[in-house]
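Asker: What follows is a predicted protein model with its sequence.
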Amino acid sequence: MQITETSADGLKREFKVVISAQDIATKVTGKLEELRKTVQLPGFRPGKVPVTVIRQRYGGSVMHEVLEDAISDSSRQALSERGMRPALQPKIDLEKFEEGSDLEYKMAVELLPDVEPGDMASIELERLVADVSDKDVDEALERLAQSRSSTEPVTEDRPAQKGDTVVIDFAGTVNGEALPGMDAKDFNLELGSNRFVPGFEDQLVGAKAGSHVTVNVTFPDDYPAEKLKGQPTVFEVDVKEIRQTVPGKVDEDLAKDFGMESLEKLKEAVSDKLKRDYADAARVKVKRQLLDKLAETHSFEVPAGMVDIEFEAIWQRLQHEIQAGNAGEDAGKPEDELKAEYRSIAERRVRLGLLLSEIGRRNNIQVSQDELNRALISEARRFPGQEREVFEFFKKNPGAVENLRAPIFEDKVVDFILELAKVKERSVPVEELLRDPDEEGEKAA
């Protein structure tokens, strides 16, 4: 076998590999001999089928298997002998092969860069700390109580107002045509919730129980249903009942609703939950600082192929957000500007990923099977009733398991660096701790 490096450009390498016809023939003969020992054909005793018959019947599939193995083994050997670590699967271009002649192919591969992590102990970071106050706990309890709010019929003779829930029958038509999904019976609609087409709820404010209201609205131009986009629509609505909201109370009954033996125990649980939430928010911010510092202090070439893959993933998500109307400022930017911006982000992500991977490798940071199992159980819980299917999916898809492993590994490496770095704590109000950094003009890590 001859392996010749034909090109070296940054992290890109190209090789020409030649495997002699004799080597190919020897491997084919060897596999045919192995096959002859086990194959059973009519008219021949087991193990006594002539090689010529075996070759005639199985020669094509054996040759295909031998060529695949030869290319796989030789490409791996070419990289191993030179101590090269491929960033992605090498690209193989078969140049020449005919039975009885040499096998020649080209291999193009991108290598992982040599990454030299800086001194983690020299990194200076700030961790924001916010105390859980009695006010925070009281407000959280009020939110819990609101989640237990109920409604009761309005007994006084008054019209519906915002905040009320009206029980209605309705039927809509577009140009006199009733379309599927435009009618319902005994529908509970909170006025002011903006659940319906703009203008629908406003026209029910002031209606009384037992009244009939004709509601005229126009569906938005960006409405998901194609037949309804921009269409003027008439709804005939019967208001059957008006109900008012009865706020939940912060009392012992609320505690029991949440499985607590007393209101005091519920307060303690809420306080502990807020402490965890604040700690998580503080960690997110300090991790972002850390990644920014690492990005600023480490510059090395990254494999273009890895950047391409990361960019495509980001770009597809962005397109979905634009289509859903959730892209914010990005929705109005020129495509070229967006692509340049997000390719830069993709490159940063790949560089940080390689850096964290190298730090983890050098310090023998690994994800244990127990940690992976906990992540798998947590993922399965997201799909109640389908836990078995989730486990089967991950069992059959090693790549999906890696998607669980990667964030755990990253967090462990981040924690390792934070132990080495100089982290100074600063007490701040809760509002500052929980403020979205993107609102402050920072770029997402």
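Answerer: That came through, no problem.
Asker: tell me the strands in the stretch 1-150 of the chain, going along the chain?
Answerer: Assigned by DSSP state E, counting those that start in this stretch, the stretch 1-150 of the chain shows strands spanning 2-9, 12-19, 91-96, 103-110, 124-129, 150-153.
Asker: In a markdown table, list those strands along with mean neighbour count.
Answerer: (Each C-beta comes from the backbone N, C-alpha and C, glycine too.) As requested, the strands of the stretch 1-150 of the chain are exported to a markdown table (neighbours: other CB atoms under 10 Å):
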| stretch | mean neighbour count |
| --- | --- |
| strand 2-9 | 11 |
| strand 12-19 | 18 |
| strand 91-96 | 12 |
| strand 103-110 | 19 |
| strand 124-129 | 15 |
| strand 150-153 | 11 |
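Asker: With respect to residue 414, which of those lies nearest?
Answerer: When the strands of the stretch 1-150 of the chain are compared for distance to residue 414 using CB to CB, the nearest one is strand 124-129, at 11.0 Å.
Asker: May I have the strands that pair with that closest one, each with its orientation?
Answerer: If you go by DSSP bridges, strand 124-129 pairs up with strand 422-427 (parallel).
Asker: what's next to the next helix or strand after the partner strand, contact-wise?
Answerer: Later in the chain than strand 422-427, the nearest helix or strand by DSSP states H and E is helix 430-434. Helix 430-434 has contacts (CB atoms under 8 Å, 6 or more residues apart in numbering) with 128, 129, 130, 133, 136, 278, 281, 282, 285.
Asker: Among those residues, which pair sits farthest apart?
Answerer: 133 and 285 (19.7 Å).
Asker: export the strands of the stretch 1-150 of the chain to CSV and tack on mean pLDDT and distance to residue 81?
Answerer: As requested, the strands of the stretch 1-150 of the chain are exported to CSV (pLDDT from 0 to 100; distance: least, CB to CB, whole Å):
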stretch, mean pLDDT, distance to residue 81
strand 2-9, 93, 8
strand 12-19, 95, 11
strand 91-96, 91, 18
strand 103-110, 95, 13
strand 124-129, 96, 43
strand 150-153, 90, 74
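Asker: Can you tell me which of those strands is nearest to residue 166?
Answerer: Once the strands of the stretch 1-150 of the chain are compared by CB to CB, strand 150-153 is nearest, at 10.3 Å.
Asker: which other helices and strands contact whatever helix or strand comes next after the closest one?
Answerer: On the C-terminal side of strand 150-153, the closest following helix or strand by DSSP H and E is strand 165-174. Using 3 or more CB pairs under 8 Å, 6 or more residues apart in numbering; DSSP states H and E as the contact test, the elements touching strand 165-174 are strand 183-190, strand 232-246.
Asker: Could you list the buried residues of strand 165-174?
Answerer: For strand 165-174, the neighbour count (16 or more other CB atoms under 10 Å) marks 165, 166, 167, 168, 170, 172 as buried.
Asker: Can you pick out the residue with more neighbours from residue 133 and residue 285?
Answerer: In terms of neighbours (other CB atoms under 10 Å), residue 285 is the more surrounded of residue 133 and residue 285; the figures are 21 against 13.
Asker: and the gap between that one and residue 297?
Answerer: Note on residue 285: its distance to residue 297, by CB to CB, to the nearest Å, is 19 Å.
Asker: now do residue 131
Answerer: Residue 131 is 33 Å from residue 297, by CB to CB.
Asker: same check, this time on residue 163
Answerer: 54 Å.
Asker: What of residue 359?
Answerer: Relative to residue 297, residue 359 is positioned 13 Å away (CB to CB).
Asker: Give me the more crowded residue out of the two.
Answerer: Using other CB under 10 Å, the more surrounded residue of residue 359 and residue 297 is residue 359, with 20 against 13.
Asker: wait, what's in contact with that one?
Answerer: Contacts of residue 359 (CB under 8 Å, 6+ apart): 117, 120, 365, 413, 416, 417.
Asker: So the nearest residue to the first one once chain neighbours are set aside: helix, strand or coil?
Answerer: Spelled out, that is residue 117. Among residues not flanking residue 117 along the chain, residue 359 sits closest, at 5.1 Å (CB to CB, 6 or more residues apart in numbering). Following DSSP: H, G, I helix; E, B strand; the rest coil, we place residue 359 in the helix state.
Asker: any idea of the pLDDT on residue 359?
Answerer: If you check residue 359, the pLDDT there is 97.
Asker: now it: how far from residue 417?
Answerer: Distance from residue 359 to residue 417, by CB to CB: 7 Å.
Asker: can you check residue 63 too?
Answerer: 52 Å.
Asker: Just want to know which of those two has more residues nearby.
Answerer: Legend: neighbour count by other CB under 10 Å for residue 63 and residue 417, higher for residue 417 (23 against 19).
Asker: Not counting sequence-adjacent ones, nearest residue to residue 106?
Answerer: Using CB to CB, 6+ apart, the nearest residue to residue 106 is residue 93, at 4.4 Å.
Asker: Could you verify my assumption that the one you found touches residue 108?
Answerer: Yes: judged on CB atoms under 8 Å, residue 93 makes contact with residue 108 at a distance of 7.4 Å.
Asker: tell me which residues in the strand or helix carrying residue 307 are buried?
Answerer: Using DSSP H and E, residue 307 sits in helix 304-323. Along helix 304-323, these residues count as buried under the neighbour rule (16+ other CB under 10 Å): 304, 305, 306, 307, 310, 311, 315, 318, 322.
Asker: which residues touch stretch 325-345?
Answerer: 222, 307, 311, 314, 315, 318, 321, 322, 443, 444.
Asker: got it, and stretch 63-82?
Answerer: Under CB under 8 Å, 6+ apart, the answer for stretch 63-82 is 1, 3, 5, 15, 17, 19, 23-24, 27-28, 31, 85-86, 90, 92, 94, 97, 99, 103, 105, 107, 109.
Asker: what's the domain layout of this protein?
Answerer: Using automatic domain parsing, the domain ranges for the chain come out as 2-110, 150-246, 261-440.
Asker: mind putting the ones you listed in JSON lines, distance to residue 140 included?
Answerer: As requested, those are exported to JSON lines (distance: least, CB to CB, whole Å):
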{"stretch": "domain 2-110", "distance to residue 140": "47"}
{"stretch": "domain 150-246", "distance to residue 140": "20"}
{"stretch": "domain 261-440", "distance to residue 140": "5"}
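Asker: Can you give me the pLDDT of residue 443?
Answerer: In this prediction, residue 443 has a pLDDT value of 41.
Asker: what comes up buried for the longest helix anywhere in the chain?
Answerer: For the chain, the helix reaching the highest residue count under DSSP state H is reported as helix 263-297. Across helix 263-297, burial judged by 16+ other CB under 10 Å covers 263, 266-267, 270-271, 274, 277-278, 281-283, 285-294.
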